[in-house]
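Student: would you be able to build a 3D model of this:
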Amino acid sequence: MGDAFSRYHPLVNFLFFALVLAYSMVLMHPVCLAVSLTGALVYAGELGGRRALAGHLKFALPVLLLAAIVNPAFNHAGITILTYLPSGNPLTLESILYGLAAGAMLCAVVLWFVCFNAVITSDKFVYLFGRVIPALSLVLSMTLRFVPLFRRQLEVVRQAQFCIGRDASCGSVWQRARRAVTIFSIMVTWALENAIETADSMKSRGYGLRGRTAFSIYRMESRDRYALAWLGFWGLYLLCGCLAGGLKWWYFPLLQGVMTQPFSISFYLAYLALCLTPVILDRREARAWRCSPSKT
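Tutor: Have a look, this model is predicted:
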């Protein structure tokens, strides 16, 4: 049946990712970071399956630990001194927790961009920005499309080289370097040829001519309007919470902020509802599908 949220209007998809990415990068409150990271992991698992979720966890956990270890080595602010490093600088609890928070924010943003790349396809991007910024939207859509194409072609070339015994993973250092350069040369040639073919195809289709129209399969339906209202409501509610100070949190010089007040709990729940919007829509459609008498 696929992902239900991906079949919504491109404006709904873009507004959702714009909101979650903006708040993930702005809100450093530990609860908000946990909500954003959890929502990104769950939705990435929905899109890619359990194997993809396991791969995302293998990426997220080392980044969190690395940030918690590296940040105290350079940041010594904070009043809760745990011990002293061999260099004589203090190791503080606040610096460790800030490193974890920074790592969680980085993981959440990267995972949301992974979901963004899976949902916002090149045709959706061109549909949204083709009339506003036509040249930039075309370049970005072609770039987003080129990256997965390049990866697939690289795997094809690598497998072909492996079959004839010229893979870059075996042999001496000099042999592996030469083979890697050969593979890179093949990929550069393929990229240049692909660019020429794309330019010729666009020219033959009349791209850039005055009065040229574009076909679009996207139509704003009632469900899309409800989804826009849902996202707009929670986005504005969280903005009010930020302006009112309900989501403030300081790591230095000591841990301080709003945590368990009812006012802040409502913002946590709002952020959770926002981040889980795709999962809620997927579950809703799956339940409707199971209850539909026509599926049999």
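
Student: what ranges do the strands span in the stretch 151-296 of the chain?
Tutor: Per DSSP state E, counting those that start in this stretch, the stretch 151-296 of the chain carries strands over the ranges 249-250, 256-257.

Student: neighbours of the nearest residue to residue 191 once chain neighbours are set aside, just the number please.
Tutor: Closest residue in space to residue 191, ignoring its immediate chain neighbours: residue 150 at 6.9 Å, by C-beta to C-beta, 6 or more residues apart in numbering. Placement of C-beta: from N, CA and C, glycine included. Residue 150 has 14 neighbouring residues, counting by other C-beta atoms under 10 Å.

Student: where exactly do the helices run in this protein?
Tutor: 10-26, 30-74, 93-119, 122-129, 134-163, 173-204, 222-244, 262-275, 277-291 (DSSP state H).

Student: quick one, which of these is nearest to residue 250?
Tutor: When the helices of the chain are compared for distance to residue 250 using C-beta to C-beta, the nearest one is helix 93-119, at 9.1 Å.

Student: from the contact counts, what lies against the closest one?
Tutor: Using 3 or more C-beta pairs under 8 Å, 6 or more residues apart in numbering; DSSP states H and E, the elements in contact with helix 93-119 are helix 10-26, helix 30-74.

Student: surely residue 176 and residue 168 touch.
Tutor: Yes. Assessed by C-beta atoms under 8 Å, residue 176 is found in contact with residue 168 at 5.0 Å.

Student: those two: who's more crowded?
Tutor: Ranked by neighbour count (other C-beta under 10 Å), residue 176 and residue 168 place residue 168 first, with 18 against 14.

Student: the more buried one and residue 188, how far apart?
Tutor: Distance of residue 168 to residue 188, given as C-beta to C-beta, to the nearest Å: 15 Å.

Student: please apply the same query to residue 92.
Tutor: Counting by C-beta to C-beta - residue 92 and residue 188 are separated by 49 Å.

Student: the two: which is more packed in?
Tutor: Using other C-beta under 10 Å, the more surrounded residue of residue 92 and residue 188 is residue 92, with 23 against 10.

Student: could you find the closest non-adjacent residue to that one?
Tutor: Closest to residue 92 by C-beta to C-beta, 6+ apart is residue 78, at 3.2 Å.

Student: check what pLDDT the one you found gets.
Tutor: Here the pLDDT value assigned to residue 78 is 85.

Student: torsion angles phi and psi at it?
Tutor: Here is the backbone geometry of residue 78 (degrees, to the nearest 10): phi 120, psi 150.

Student: so it sits against residue 91, correct?
Tutor: No. Using C-beta under 8 Å, residue 78 is not in contact with residue 91, being 9.1 Å away.

Student: those two: which has the busier surroundings?
Tutor: A direct count of neighbours by other C-beta under 10 Å for residue 78 and residue 91 places residue 78 higher, at 22 against 16.

Student: once you drop chain neighbours, what's closest to the residue nearest the centre of the chain?
Tutor: Among the residues of the chain, the one closest to the centroid is residue 113, at 1.5 Å (C-alpha atoms, centre = their mean). Leaving aside its chain neighbours, residue 113 sits nearest to residue 21 (7.5 Å; criterion: C-beta to C-beta, 6+ apart).

Student: got the contact list for residue 109?
Tutor: Contacts for residue 109 (C-beta atoms under 8 Å, 6 or more residues apart in numbering) come out as 21, 24-25.

Student: need the pLDDT of it.
Tutor: The model reports residue 109 with a pLDDT of 93.

Student: and for residue 213?
Tutor: 64.

Student: swap in residue 281?
Tutor: pLDDT, residue 281: 92.

Student: for it, what are its contacts?
Tutor: 4-5, 8, 227.

Student: in a markdown table, list those residues along with neighbour count.
Tutor: Below are the contacts of residue 281 laid out as a markdown table (neighbours: other C-beta atoms under 10 Å):
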| residue | neighbour count |
| --- | --- |
| 4 | 20 |
| 5 | 22 |
| 8 | 22 |
| 227 | 21 |
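
Student: can I get the residues you listed in a markdown table with pLDDT and distance to residue 52?
Tutor: Formatted as a markdown table, the contacts of residue 281 follow (pLDDT from 0 to 100; distance: C-beta to C-beta, whole Å):
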| residue | pLDDT | distance to residue 52 |
| --- | --- | --- |
| 4 | 89 | 18 |
| 5 | 93 | 16 |
| 8 | 94 | 21 |
| 227 | 95 | 25 |
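
Student: just checking, residue 276 touches residue 39?
Tutor: Yes. Judged on C-beta under 8 Å, residue 276 makes contact with residue 39 at a distance of 5.5 Å.
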